[in-house]
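Enquirer: Sharing a model prediction with you, sequence too.
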Amino acid sequence: MNKETQESLQNIPNHVAIIMDGNGRWALEKGLPRLSGHRAGTENLREVIEACAEFGIKYLTIYAFSTENWKRPKEEIQGLMRIFKTMLDRELQNLHENGVQLRHLGRLDQIDKELQKKVREAIELTKDNKTLILNVAFNYGGRDEILQAVKNIISAGHSVDDIDDEQFAKYLYTSESPDPDLIIRTSGEYRCSNFLIWQSAYAEWYFTPTYWPDFNKEELRQALIVYNQRERRYGEVKQEKER
Ligand code: FPP
């Protein structure tokens, strides 16, 4: 890393989350089927995961399949499931050797049994790794997560006075991860699309027109440079240097 980049990257976010959007348009513009876009979107993922570890990011959360994605055509859903399985088969050993710990956010019980098994095995294999925690949001929806948390809190018999921010967060899928510091959305869309809606309360957002399959280490560096220029105030006032 050169000195200039080093200086503009003094403050590395602990937790980066990514909405990997634009696979379909990437493929369409090349005259390819949408699934080619999703396949291409797994190729750069390896580079981005490695880059996160190199930059010293400790948590990476990726939005791989939302609770709303079930509304897509059956062929696309089946294709996506195949891609996820292949990806786990192909990448797991490499992720493990590089100290990546895999975690899942969302409803695992509603997906294909074989994929469930692969995900559970991957979580078990990598559970002691410490270099990078990779949360894969798969069959994940922020509203669903909050509703599940409310139901579980009621079932656990908590009294109303027990419940505060901290208690509530323990019932979310992300109970083991800090809130995201930086959320990146690719493809020029400016929405949160039901992603980490509780956890993103004070996250910085970064939007890029780049389609996900073209997002790479250099693009991540740009996002980190912009993050370094932001001033996070968490609702407080800016500290004045002199009066
Ligand atoms: C959004 O693009 C992307 C998805 C719904 C799937 C994301 C999945 C991957 C990148 C594969 C990686 C998978 C795992 C399990 C780590 P879109 O289809 O909405 O694109 P569009 O808005 O251009 O149509």
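Expert: Thanks, I have the structure now.
Enquirer: for Ile19, which residues make a bridge with it?
Expert: Each beta-bridge partner of Ile19 is listed here, defined by DSSP bridges: Tyr63, Arg185.
Enquirer: Next, the contact list for it, please.
Expert: Contact criterion CB atoms under 8 Å, 6 or more residues apart in numbering gives Tyr63, Ile183, Ile184, Arg185, Thr186, Glu189, Cys192, Ser193, Phe195 as the residues in contact with Ile19. Where C-beta positions appear, they are placed from N, C-alpha and C, glycine not excepted.
Enquirer: Tell me which residue in this structure sits closest to the ligand.
Expert: Nearest residue of the chain to the ligand, counting by CB to the nearest ligand atom: Gly24, 2.5 Å away.
Enquirer: any idea which helix or strand comes after the helix or strand containing Asp144?
Expert: Asp144 is located in helix 142-155, with elements delineated by DSSP states H and E. Past helix 142-155, heading to the C-terminal end, the next element that is a helix or strand (DSSP H and E) is helix 165-169.
Enquirer: Just the buried residues of that following helix, please?
Expert: Within helix 165-169, the residues scored as buried using 16 or more other CB atoms under 10 Å are Phe168, Ala169.
Enquirer: Next: stretch 86-99.
Expert: Met87, Leu88, Glu91, Leu92, Leu95.
Enquirer: and the ligand, which of those residues contact it?
Expert: The subset of the buried residues of stretch 86-99 within reach of the ligand, counting by CB under 6 Å from any ligand atom, consists of Met87.
Enquirer: quick revisit: what about the residue of the chain closest to the ligand, which helix or strand?
Expert: In the assignment (DSSP H and E), Gly24 maps to helix 23-29.
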